[in-house]
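Q: this one's structure only:
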């Protein structure tokens, strides 16, 4: 099996495994106790905190270990908002943040707070001016990921941090995807990360709160504990996580060059190998190991299953993948095609031969899935000024497939009205029009679902 889903969970680094086993003997006791076993555990925690601070570029007493990256985000946002409650109840996030950030924002709104969501361009990048425009006198906190988890786009954190700092607003940076590749620059105030993204064990998150940031920990805390964390956590896992972080950072420069070449190879060759494909994400400002593309007329779940049968583990942001009813909020915010979406995220050490085999296999896999869905059916010769395609009750990518089949049945200037109740159609039909040079007129309410209107241009 070729594992191409490192952006979700990176394989456990060998150094992490060694550190985990070694620290099991010394790190089992309560580090808050004064007896020998407690002191040994304390030494491990303090050493891990010092090492993490060195890698991040902060003070050791600014580092807190949490139970996960998601927990670090929740604690960071809640603590910063509570600490600045006298300033106001306004929160700023981007439209492509990790779901843990967006869920925290939704909870904040439900509790009476206000949220501004900064839009992104088709490459997934925020504008510095967008954050500047969103800042208000009652803004308590702004959040921005360092790099996107689905398309790999790297955000202008340093510039946004400068704008926020000038306004007296702290910036929380979600560095889960990028911390293994390098320190996050800029004058940020809070930072979160997740060990499983850089080859550490699951169950360890990192929260950094700079000195001087108003911060009030939320939630229950164990009696006798101090600081910003409820407990001392899984010490062997913490030690292993920091050991892995130091190891991957030592290897990062050389490995980044190699992975960037491999992902660039995928970005360049996939559009030539597979027709009707959109490669998404910023082509320059991106992480080394992530490349994402979407295929017209392809069911995302079927595509993932077929690739799995061929020995490739990848992920998808399509709405038709298991466990989701809507397309990826990241792809939706970018306004790009979501159907048949594939995210390839290469782990450090991946073999070049595996990437080449993926490129060899992909065209046949996409072709089989399209044939299964009837995407290759011939067009009819009937001509009409307007056609109505009833795709109600049909999931992505069927509405787009049916649109593509009949667009040639109307004359140039004629329209096709696609009726659909699938949320993905709102994103995929305009994206199809842009890819195929047709005019997307807009949408109208219908007795059931929504009518999406397309005008034939050529």
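A: Arrived safely. Fair warning: this is a prediction, and the values are worked out from it, not measured in the lab. Numbering: from 1, shown residues only.

Q: which strands or helices does the helix ranked longest in the chain pack on?
A: Longest helix of the chain, by residue count under DSSP state H: helix 235-273. For helix 235-273, the packing partners by 3 or more CB pairs under 8 Å, 6 or more residues apart in numbering; DSSP states H and E come out as helix 14-23, helix 36-56, strand 277-280, strand 290-295, helix 352-372. (Glycine included, C-beta is placed from N, CA and C.)

Q: which of the ones you listed is buried the deepest?
A: strand 290-295 (a mean of 27; mean count of other CB atoms under 10 Å).

Q: where does the stretch 251-400 of the chain have low pLDDT?
A: 318-325, 375-384 (pLDDT under 70).

Q: for the most centrally placed residue in the chain, give me phi and psi.
A: Nearest to the geometric centre of the chain sits residue 149, at 2.6 Å (CA atoms, centre = their mean). For residue 149, the backbone dihedrals (degrees, to the nearest 10) come out as phi -80, psi -20.

Q: quick one, what contacts it?
A: By CB atoms under 8 Å, 6 or more residues apart in numbering, the contact set of residue 149 is 7, 98, 176-177, 330.

Q: looking at these, which are in strands?
A: Residues of the contacts of residue 149 located in strands (DSSP state E): none.

Q: which element, helix or strand, includes residue 104?
A: Assigning secondary structure by DSSP states H and E places residue 104 in helix 99-110.

Q: for residue 403, same thing?
A: Counting by DSSP H and E, residue 403 is found in helix 398-406.

Q: and that helix, what's buried?
A: Neighbour-count burial for helix 398-406 flags 398-406 (criterion: 16 or more other CB atoms under 10 Å).

Q: now distance to residue 353 too, for those, in TSV please.
A: Formatted as TSV, the buried residues of helix 398-406 follow (distance: CB to CB, whole Å):
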residue	distance to residue 353
398	36
399	38
400	34
401	34
402	39
403	39
404	35
405	39
406	43
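
Q: just flag the most distant two among those.
A: The span of the buried residues of helix 398-406, defined through CB to CB, is set by 398 and 406 at 12.9 Å.

Q: what strands flank the helix or strand that the helix holding residue 403 is followed by, and is each parallel or antiparallel?
A: Counting by DSSP H and E, the next helix or strand C-terminal to helix 398-406 is strand 415-420. According to DSSP bridges, strand 415-420 forms sheet pairs with strand 386-390 (parallel), strand 450-455 (antiparallel).

Q: mean confidence score for the last one?
A: Per-residue pLDDT values over strand 450-455 give a mean of 94.

Q: contacting residues for residue 206?
A: Taking CB under 8 Å, 6+ apart as the test, what residue 206 contacts is 52, 56, 63-66, 69, 72, 179, 191-195, 241.

Q: show me where pLDDT drops low in the stretch 101-250 of the chain?
A: Those would be 220-232, if you go by pLDDT under 70 across the stretch 101-250 of the chain.

Q: out of the strands paired with strand 415-420, the one nearest residue 213 is which?
A: Comparing the strands paired with strand 415-420 by CB to CB, strand 450-455 comes nearest, at 44.6 Å.

Q: and that closest one with helix 398-406, angle?
A: 30 degrees (axes from the mean of the first three to the mean of the last three CA atoms, to 10 degrees).

Q: distance of the residue nearest to the centre of the chain from residue 271?
A: Separation of residue 149 from residue 271 (CB to CB, to the nearest Å) stands at 23 Å.

Q: coming back round to it: quick one: which of the strands paired with strand 415-420 is nearest residue 247?
A: Using CB to CB, the nearest of the strands paired with strand 415-420 to residue 247 is strand 450-455, at 50.1 Å.

Q: what sits up against the closest one?
A: Residues contacting strand 450-455 (CB under 8 Å, 6+ apart): 399, 403, 407, 413-421, 425-426, 429, 433, 438-445.

Q: are any of these buried, and which?
A: Neighbour-count burial (16+ other CB under 10 Å) applied to those gives 399, 403, 407, 414-420, 425-426, 429, 433, 438, 443.

Q: which two in those residues are spaced the farthest apart?
A: Spatially, the most separated pair among these is 414 and 426, at 22.3 Å (CB to CB).

Q: strands along the stretch 51-200 of the chain, start to end?
A: Secondary structure of the stretch 51-200 of the chain (DSSP state E, counting those that start in this stretch): strands at 63-66, 90-94, 114-118, 139-145, 171-174, 190-194.

Q: pairing partners for the second one, with directions?
A: Meaning strand 90-94. Strand 90-94 is paired, per DSSP bridges, with strand 114-118 (parallel), strand 139-145 (parallel).

Q: can you put those in a markdown table and add mean neighbour count and distance to residue 276?
A: A markdown table is the format used below for those (neighbours: other CB atoms under 10 Å; distance: least, CB to CB, whole Å):
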| stretch | mean neighbour count | distance to residue 276 |
| --- | --- | --- |
| strand 114-118 | 18 | 31 |
| strand 139-145 | 26 | 30 |
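
Q: mind giving me the domain ranges of this protein?
A: With domains defined by automatic domain parsing, the chain comprises 10-248, 252-372, 386-455.
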